[in-house]
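Undergrad: using only what follows, build the 3D model:
(one chain, ligands or ions: 1)
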Amino acid sequence: MTDALHPETLAVHAGQEEADSATNARAVPIYQTTSYVFDSTDHAADLFALKVPGNIYTRIMNPTQSVFETRMTALEGGVGALATASGSSAVTYAVLNLTYAGDNIVATSTLYGGTYALFAHTLPQFGIEVRFVDPDKPEELAQHVDEKTKAVFAETVGNPKINVVDIRAWADAAHEQGLPLLVDNTAPTPYLCRVLDQGADVAIHSATKYIGGHGTSIGGVIVDAGRFDWAAHADRFPGLTQPDAAYHGVVWTEAVGELAYIIRARTVLLRNTGAAVTPMNSWLFLQGLETLHLRMERHSDNAQKVAEHLAAHDAVAWVNYPGLADSPDKAAADKNFTGHGYGGLVSFGIKSGREGGKKLIEALTLFSHLANIGDAKSLAIHNATTTHSQLTPEELEAAGVPEDMVRLSVGIEHVDDLIADLDQALAAAG
Ligand SMILES: *Cc1c(COP(=O)(O)O)cnc(C)c1O
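TA: You can find the predicted model right below:
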């Protein structure tokens, strides 16, 4: 599908330009199958040798999944995508696709709690070190890079701090060091921020959040811009530029050119470690994408009004929302975002502190108390005692999670009802 179409149209159509060729079904069918019959023994051999494209086994690819991947590729403006079983496996594969034991990456410190734990504790068990840096200081990147550094990682909007990272500045800094920039773009989604247009080389999503959009399914996706010149830094990226023993000696950059990174992620990491998305969840993510633009606009409108209301409330100490006129993040959002809104996440501190935060959460009725974001329903959580409870006080500080912080994922209900719920809960919190 061509670049001339608008995101709203791509969200509804990309990946399935015509009715299903086998049945004329208009909706994308759920191909609930593990395997696909080969036409002949030669066909089977050619498929395994990657000489012809086609389906072999649903751990590696599936037609419903392909439509989802093509739609995400179109929405982010990349060359290819890989859907996975979760956002966490997408982040893991995005990094492992470039790193071996002894290597390191540099990551901004304001990260989703699960990603922080992966980077601080799990990857080091495999000999991969993550160097955490201040998200506002791309100019300091060079100090943290050595010949074993393989990538720079950032989140467009730090979760739960709701700080906006200047992706363009980080992309320029990474490229100056000969490194690709990997960006977790879960919070804004490509409708609010096209990170590949801002210079990122790889976009990563937890599809569990706004893409699925209804709190029903866990999944993730990696989208490759296809722009990074791996061959120009051949010694740094042997997995992509030298014969790969995991796949009968293929050199990915020679065999598939600009698709080297995303094809290796599928044929090596997904094939051999198996965090495959299910056909059913791929289908649910397609359902979600068809209304992504409508929901993101309403999430953003509601969050803007909630943030303004909280900022003017006597019981509230501080509010983080990039759409607030005096937000330190507004300039970066206005520079990087598409102009359709600032997203659905708001965090704030309550004057009655940690205890008040607990009472507030307990008093809310429309906001559900749970550990998710991006649902059509409004959600709330106290991060220091839940999502980030494994962090030390110093780590909480670097992650931007003060003890009084409550994070809201503002849903698509009527905003007046949400504000009334917050007001009664703030009163109950004292
Ligand atoms: C939720 C989330 C993840 C992890 O995704 P799962 O689908 O829960 O595995 C990664 N990054 C961000 C920013 C998230 O919000």
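Undergrad: count the residues that sit near the closest residue to the ligand within the stretch 51-200 of the chain.
TA: Residue of the stretch 51-200 of the chain nearest the ligand, by Cβ to the nearest ligand atom: G87 (2.3 Å). (Glycine included, C-beta is placed from N, CA and C.) Number of residues near G87 (other Cβ atoms under 10 Å) recorded here: 24.
Undergrad: give the contact list for it.
TA: When contacts are counted by Cβ atoms under 8 Å, 6 or more residues apart in numbering, G87 touches D184, T186, I204, H205, S206, A207, T208, K209, I218, G219, G220.
Undergrad: skipping its backbone neighbours, what lies nearest the fifth one in space?
TA: Nearest residue to S206 in three dimensions, chain neighbours excluded: G87, at 2.5 Å (Cβ to Cβ, 6 or more residues apart in numbering).
Undergrad: and what of the last one?
TA: The shortest distance from G220 to any residue that is not its chain neighbour, by Cβ to Cβ, 6+ apart, is 3.1 Å, and that residue is A90.
Undergrad: the residue in the stretch 201-350 of the chain positioned nearest to the ligand and I373: what is the separation?
TA: Minimum separation of the stretch 201-350 of the chain from the ligand (Cβ to the nearest ligand atom) falls at S206, amounting to 3.0 Å. With distances taken as Cβ to Cβ, to the nearest Å, S206 is found 9 Å from I373.
Undergrad: please apply the same query to Y93.
TA: From Y93 over to I373 (counting by Cβ to Cβ), the distance is 22 Å.
Undergrad: higher neighbour count, the two?
TA: It is I373, of Y93 and I373, that has more neighbours when counted by other Cβ under 10 Å, with 26 against 22.
Undergrad: quick one: pLDDT of the residue nearest to S206?
TA: According to the predicted model, the pLDDT of G87 comes to 98.
Undergrad: check this structure for its longest helix and report it.
TA: Ranked by number of residues, the top helix in the chain under DSSP state H is helix 292-311.
Undergrad: quick revisit: tell me who's in contact with the residue nearest to G220.
TA: A90 neighbours (Cβ under 8 Å, 6+ apart): L82, T84, I204, H205, S206, G220, V221, I222.
Undergrad: go again using 7 Å as the cut-off
TA: Shown in contact with A90 (Cβ atoms under 7 Å, 6 or more residues apart in numbering): T84, I204, H205, G220, V221, I222.
Undergrad: which single one of these is nearest to S327?
TA: Nearest to S327 out of those is H205 (Cβ to Cβ; 24.0 Å).
Undergrad: and the closest one, what are its bridge partners?
TA: V221 (DSSP bridges).
Undergrad: is it in contact with V183, as I believe?
TA: No - between H205 and V183 there is no contact under Cβ atoms under 7 Å: 9.9 Å.
Undergrad: quick check, distance from the strand or helix carrying the residue nearest to G220 to the centre of its chain.
TA: Assigned by DSSP states H and E, A90 belongs to helix 87-96. With Cα atoms, centre = their mean, to the nearest Å as the basis, helix 87-96 stands 10 Å off its chain's centre.
Undergrad: with stretch 116-134 instead?
TA: With Cα atoms, centre = their mean, you get 18 Å for stretch 116-134.
Undergrad: what's the answer for stretch 397-417, then?
TA: Counting by Cα atoms, centre = their mean, stretch 397-417 comes out at 18 Å from the chain centroid.
Undergrad: end to end on stretch 76-86, go ahead and measure it.
TA: In terms of Cα to Cα, to the nearest Å, the two terminal residues of stretch 76-86 are separated by 18 Å.
Undergrad: pLDDT weak spots in this protein?
TA: 1-3 (pLDDT under 70).
Undergrad: ok, 90 please
TA: Within the chain, the segments meeting pLDDT under 90 span 1-4, 17-22, 48-51, 113, 158-161, 245-248, 352-358, 371, 382-404, 429-430.
Undergrad: quick check: residues of it near the ligand?
TA: Selection of the chain residues close to the ligand by Cβ under 6 Å from any ligand atom yields 86-88, 91, 112, 114-115, 155, 159, 184, 186-187, 206, 208-209, 218, 220, 373.
Undergrad: what do you get if the cut-off is 8 Å, keeping everything else the same?
TA: Proximity of the chain to the ligand (Cβ under 8 Å from any ligand atom) is limited to residues 86-91, 111-112, 114-115, 155, 157, 159, 184, 186-187, 204-209, 218-220, 372-374.
Undergrad: buried subset of those residues, written for ChimeraX?
TA: Selection command for ChimeraX covering only the buried members of the residues of the chain next to the ligand, criterion 16 or more other Cβ atoms under 10 Å:
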select :86,87,88,89,90,91,111,112,114,115,155,157,159,184,186,187,204,205,206,207,208,209,218,219,220,372,373,374
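Undergrad: in the stretch 301-430 of the chain, which spans are strands?
TA: 316-320, 345-350, 368-369, 379-382, 405-409 (DSSP state E, counting those that start in this stretch).
Undergrad: what pairs with the fourth one, parallel or antiparallel?
TA: In other words, strand 379-382. strand 368-369 (parallel), strand 405-409 (antiparallel).
Undergrad: buried ones in that strand?
TA: L379, A380, I381, H382.
Undergrad: in JSON lines: those, plus distance to A420.
TA: Output for the buried residues of strand 379-382, formatted as JSON lines (distance: Cβ to Cβ, whole Å):
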{"residue": "L379", "distance to A420": "17"}
{"residue": "A380", "distance to A420": "15"}
{"residue": "I381", "distance to A420": "20"}
{"residue": "H382", "distance to A420": "21"}
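Undergrad: between those, which sits nearest M405?
TA: H382 (7.2 Å).
Undergrad: residue boundaries of the helices in the stretch 301-430 of the chain?
TA: 330-336, 353-363, 393-399, 415-429 (DSSP state H, counting those that start in this stretch).
Undergrad: what are the buried residues along the first one?
TA: Spelled out, it's helix 330-336. K330, A332, A333, N336.
Undergrad: which residue would be the closest one in the stretch 251-400 of the chain to the ligand?
TA: I373 (5.8 Å).
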